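> quick one, structure for this:
(2 chains)
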Amino acid sequence: MLKIDNLHVRVAGKDILKGLSLEAKAGEVHAIMGPNGAGKSTLGNVLAGREGYEVVQGAITFDGRDLLALEPEERAAAGVFLAFQYPVEIPGVNNTYFLRAALNAQRKQRGEPELDSMQFLKKVREKLAVLHLKDELLHRAVNEGFSGGEKKRNEIFQMALLEPRLAILDETDSGLDIDALKMVADGVNAMRDPARAFLVITHYQRLLDYIVPDVVHVLADGRIVESGDKSLAHRLEEHGYAWIAGRKLAGAA
Amino acid sequence: MAAALLESLLTRRDALPPPRAAAAAALLRDGLPGARDEAWKYTSLRALEQRRYAAGDAGAATRAVDPAAFALPGIGAPRLVFVNGAFRADLSDLAEAPGLALTPLGTRPDLLAALARSDAAATGAAARGQAFLRLADALAADGALLRVAAGARVESPVHLVFLGAAADADLAWQLRLRVELGEGAALRLVEHHVAGGENAHLGNVVAEHVLAPGARLDLVQIQDAAPSSTLIRSSSARLEREARLSAHAVEVGAQTQRHDLRVELAGAGARFVSRGVFALRGRQHADTHLDVRHDARDTASDVVWRGVADQRARGVFHGAITVAKGADGADAQLGNKNLLLSPQAEIDTQPVLEIHADEVKAAHGATVGQLDELALFYLRSRGLPREAARRVLVSAFCGAALAGLQPAALRERLDALLAARLPSEAVPT
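Alright, predicted model coming up:
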C-alpha cells in the first residue's frame, strides 16, 4: 500500500531524512520509534504533504500513485490521514461543521455522494461512543480550549469518522494519562482492518502495549536503522536508544 | 483656490439660506483635509478633490429600483428608502409603531437648517476636519428624523436604506439623519448602504444618535455600496446615564469609504459595545475612525473589530479611546485584528488610548497578520481544498464581528455577504 524508497528530506536548509525506506501493506500496523530529532515527525508531515518539507531525493508511492505529486487534500481523499502531534486550534470554526465539510469534500473528490446532516450525525454518534467523547466537543470550535487529552482524542475521532486507508499517528500518546491512552488505543484497535494500514510514530514503548504492532522500525538520524517484530520495542525500552547507536557503530566497523 | 469638487457642488451657494450659506463659505475658505491632517493621513482626497459631480439627482424620484436590492431577512417595516439622496415614499413603509415618530426631512427645510452642526468660525485642522459636515450643512436636501418616546420599546427593527442608483452623471448627495431615544426607550435600527446598479456617486451621510438615560439602541450598519462609489459617513452618538448602544458594522462596499464613529459616554453607567469588520478587495479603500470618549463615571466601552484586505486593497482602522478626568470606574476594551490575504494588500491600524482618570480598567491591542499556514494545512489534511480552507479561516476570522447580532437570519446573511467577497479568487500555486 505504502512504499517509501530512499527518501531524503530537507527542512529549512537542514537534512532531516537521509535515505529512509519503508514498506507497509494493508492490514499492518507499523510502529516507528526513535529518539528526539531523528526525523519521526518529519516523516508524518511529508506523508501528509505539509509545505516547507523539501524532498530532495527518493519516492513515495501510495496504492501505486506518486504521493508526492498530490496536494494535501488529494492525499486525504486518497485515504491518507495524519493525527497531528500538536492538533491546531481553529477559533470560530465549529467542529461538526468542519468535519462534515471535510468528509463531504473527500467524498466529492472520490465521486461519492455527499452525506446530508442526518446521515452525518448518525455516523458521528457511532464514532463518539467508541471514543467516550462528549457531544459537547462537537459544538465547540475545532480544538479551541480543548485539554491536551481532548485534542488527541479529537484527532482519533476525526480519523474514525474519515475512515482513512493509511492512518499516521504522530506521537498521539505524548501528554496522555493512562486512561486517555487506553481510549486512544481502543479507538485505533476498533479501526484495525485488513484494508487499512497504520504508522504509529512514538517515542515510548508504552503505547505499543495497547496498540500491538506487526512491525517495529527504529528511526535514527534520518534512516530506519533496525526493523523487527514487537519485541524490538521492548528491547529498546530496556536498553535505550543509545543501544541502537552502539549496534550501528559495531555494524559499521 | 477651491478645488473642482467644491466649485462644482457649491455653484449656487448664494441662494442658500443663512446657516447653510455660512457653512458653504467656510468650506470654500478652508477646503478639504489633506496629507498634513493627521486624521486623514491614510486617506488621500486629492483625486476626489479634482472630480466634478452633479449636486443631487433631479431624477431620483423616478429611478427604477428593484426592492430585492435592499431586502434583508428578518427585517421588514418600518422602512425608509433614500435613492441617490432623496426619500422615496413609494419604496418606503412608514408602518406605525407605538412611540415611534418617523419624519423624512425633504419637506422640512426648517429641521434641516436646525440640524446644521458645523462651526464656521473653526480654523486650521479643526475646520478641515469638519469639511464633510459643512458639506452636509450646506447641501443636505433630505434625511430622516427618528424619535422614540420615553419608555417606548419599538419591537420591529427600523430599516434605513441608502441606495445609489445608476444615473447619467456622477452625483454627489448629502443626507442627514437624527435619531433620538427618550428615557428608557429602545430601538433597533439597520442602516443599510446598498447599490442599485453601477454608479460612481459620492455619498455623504451625517448621522446623530442621542440616547436619553436608560435608552437602548441596537444599531446594525451595513455598507455594501457600489464598487465604484465613494461614501463618507460621520456617525455620532451621545449616551446619557445608563444608556446603552450596541453597534455592529459590516463594511464591504464602495471604492473609497471613510467612516467616522464618535461615541460620547456622557452619563454615568453608559455602555457602548461595538463589533465591526471590513472586508476589501480589488483597489478598495476603507478608513474607519472610532473615537470613544468616557466622560462620566462607571462607563464602559467594548470594541472588537476585524479587517481583511485582499489583492491591492487598503484598510485603515483608527481606534481612539479617551477617558476624561473624573471618569473613574471606566472600563475600556479595544481589540483590532487584521488579515492580509495578498502581499499587495495593506492595513494600517492605530489604537490610541488616552487616560486622564485614576481608577480605570483599560486594554487595547491591534495586530496585522496573514492566514495561519499551519491552520490551513490542518484543514487541507482533512480533505478541504485550499480555497475552501481559506474561506473557512477568513469567515471564522470575521465571525467575531458578527457574534451576538440579531436576528440570526440577518447574521447569516451578513456572514454569507462576507464569505462571497473573500478571499477573492484562487491563488495560483
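
> give me the low-pLDDT residue ranges for the stretch 151-253 of chain A?
Scanning the stretch 151-253 of chain A with the threshold set as pLDDT under 70 gives A:248-253.

> next to chain B in this structure, residues from it, please.
Taking Cβ under 8 Å from any Cβ of the partner chain as the contact definition, the stretch 151-253 of chain A meets chain B at A:Q158, A:L162. (Each C-beta comes from the backbone N, C-alpha and C, glycine too.)

> show me the helices in the stretch 151-253 of chain A, by range?
In order along the chain, the stretch 151-253 of chain A carries the following helices (DSSP state H, counting those that start in this stretch): A:178-191, A:231-239, A:241-252.

> residue nearest the centroid of chain B?
Against the mean C-alpha coordinate of chain B, by Cα atoms, centre = their mean, the closest residue is B:H259 at 4.6 Å.

> mind checking which helix or strand the residue nearest to B:L10 when sequence neighbours are not counted is in?
Take B:L10 and drop its neighbours on the chain: the residue closest to it by Cβ to Cβ, 6 or more residues apart in numbering or on different chains is B:A24, 5.1 Å away. Under DSSP states H and E, the secondary-structure element containing B:A24 is helix B:18-30.

> who's in contact with that helix?
Outside of helix B:18-30, the residues that reach it under the criterion Cβ atoms under 8 Å, 6 or more residues apart in numbering or on different chains are B:2, B:6, B:10, B:13-14, B:16, B:113, B:116, B:118, B:120-123, B:127-128, B:131, B:134-135, B:137-139.

> my read: A:S21 touches A:I4, true?
Yes: counting by Cβ atoms under 8 Å, a contact exists between A:S21 and A:I4, whose distance comes to 5.9 Å.

> what is in contact with those two at once?
Shared contacts of A:S21 and A:I4, defined by Cβ under 8 Å, 6+ apart, are not found at any residue.

> hey, where'd the strands end up in the stretch 51-200 of chain A?
Listed from the start of the chain, the stretch 51-200 of chain A has strands (DSSP state E, counting those that start in this stretch) covering A:53-62, A:65-66, A:80-83, A:90-94, A:141-142, A:166-170, A:197-202.

> how about the residues of chain B by chain A?
Taking Cβ under 8 Å from any Cβ as the measure of proximity, chain B contacts chain A at B:372-375, B:377-386, B:388-389, B:392-393, B:395-397, B:399-400.

> let's see it at 7 Å
Where proximity means Cβ under 7 Å from any Cβ of the partner chain, the interface of chain B facing chain A comprises B:373-375, B:377-378, B:380-386, B:388, B:392, B:396-397, B:399-400.

> of the residues you listed, select the buried ones using a ChimeraX command.
With 16 or more other Cβ atoms under 10 Å in any protein chain shown as the burial test, the buried ones among the residues of chain B next to chain A are selected in ChimeraX as follows:
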select /B:375,377,378,380,381,382,383,384,385,386,388,392,396,397,399,400
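
> name the nearest residue to the residue in the stretch 251-400 of chain B positioned nearest to chain A, ignoring sequence neighbours.
Nearest residue of the stretch 251-400 of chain B to chain A (Cβ to the nearest Cβ) works out as B:A396 at 3.0 Å. Using Cβ to Cβ, 6+ apart and skipping the chain neighbours, the partner closest in space to B:A396 is A:G92 (3.0 Å).

> the one you found against B:L393, yeah?
No: under the criterion of Cβ atoms under 7 Å, A:G92 lies out of contact with B:L393, with a separation of 8.5 Å.

> neighbour count winner among these two?
Just comparing A:G92 and B:L393: by other Cβ atoms under 10 Å in any protein chain shown the higher neighbour count belongs to B:L393, 24 against 17.

> could you identify the helix or strand that succeeds the helix or strand hosting that one?
With the criterion set as DSSP H and E, the secondary-structure element containing B:L393 is helix B:386-399. Sequence-wise, the next helix or strand beyond helix B:386-399 is helix B:408-421, with elements assigned using DSSP H and E.

> who are the packing partners of that next one?
Of the remaining helices and strands, those touching helix B:408-421 by 3 or more Cβ pairs under 7 Å, 6 or more residues apart in numbering or on different chains; DSSP states H and E are strand B:244-251, strand B:271-280, helix B:386-399.

> try it again with 8 Å
strand B:216-224, strand B:244-251, strand B:271-280, helix B:386-399 (3 or more Cβ pairs under 8 Å, 6 or more residues apart in numbering or on different chains; DSSP states H and E).

> mind checking which of A:S21 and A:I4 has more residues around it?
Looking at A:S21 and A:I4 with other Cβ under 10 Å, you find the greater number of neighbours at A:I4, namely 22 against 14.

> quick check: the more buried one touching A:G58?
Yes: with the criterion set as Cβ under 8 Å, A:I4 and A:G58 qualify as a contacting pair; they are 7.3 Å apart.

> how many neighbours does the residue nearest to A:G49 when sequence neighbours are not counted have?
Computed as Cβ to Cβ, 6+ apart, the closest residue to A:G49 that is not its neighbour in sequence is A:P72, at 3.8 Å. In terms of burial, A:P72 registers 25 neighbours under the definition other Cβ under 10 Å.

> one more: the one 10 residues further on?
The local packing count at A:L82 equals 30, with neighbours defined by other Cβ under 10 Å.

> residues contacting it?
Residues near A:L82 by Cβ under 8 Å, 6+ apart: A:G44, A:N45, A:L47, A:A48, A:I168, A:D170, B:S381.

> what about the residues you listed, which are in helices?
Residues from the contacts of A:L82 lying in helices, with DSSP state H as the criterion: A:G44, A:N45, A:L47, A:A48, B:S381.

> what comes into contact with stretch B:337-351?
The contact list for stretch B:337-351 (Cβ under 8 Å, 6+ apart) reads B:42, B:280, B:305-320, B:334, B:336, B:364-371, B:390, B:394, B:397, B:400, B:422-424.

> and those residues, which are buried?
Judged by neighbour count, with 16+ other Cβ under 10 Å as the criterion, the buried members of the contacts of stretch B:337-351 are B:42, B:280, B:305-320, B:334, B:336, B:364, B:366, B:368, B:371, B:390, B:394, B:397, B:400, B:422-423.

> now do A:N154 against chain B, distance only.
Using Cβ to the nearest Cβ, to the nearest Å, one obtains 11 Å as the distance from A:N154 to chain B.

> check contacts around that residue.
Neighbour list for A:N154: A:P87, A:N95, A:L133, A:L137, A:N143, A:F146 [criterion: Cβ under 8 Å, 6+ apart].

> farthest pair in the residues you listed?
A:P87 and A:L133 (13.6 Å; Cβ to Cβ).

> run a quick neighbour tally on residue 98.
The chain I'm using is chain A. Applying the criterion other Cβ under 10 Å, we find 22 residues in the vicinity of A:F98.

> not quite, go with chain B.
Using other Cβ under 10 Å, B:P98 is surrounded by 10 other residues.

> skipping its backbone neighbours, what lies nearest B:R312 in space?
For B:R312, ignoring the flanking residues on the chain, the nearest one in space by Cβ to Cβ, 6+ apart is B:Q344 at 4.6 Å.

> quick one, phi/psi of the one you found?
Torsion angles at B:Q344 (phi, psi; degrees, to the nearest 10) stand at phi -90, psi -10.

> relative to B:R52, how far out is it?
30 Å (Cβ to Cβ, to the nearest Å).

> name the nearest residue to residue 42, sequence neighbours excluded.
Picking chain A for this. A:T42's closest residue in space is A:I16 (Cβ to Cβ, 6+ apart), at 4.6 Å.

> could you do chain B instead?
Among residues not flanking B:Y42 along the chain, B:V316 sits closest, at 4.3 Å (Cβ to Cβ, 6+ apart).

> tell me which element that neighbour falls in.
Under DSSP H and E, the secondary-structure element containing B:V316 is strand B:314-323.

> over to B:E354?
Once you assign secondary structure using DSSP H and E, B:E354 falls within strand B:346-355.

> C-terminal to that strand, what's the next element?
strand B:360-370.
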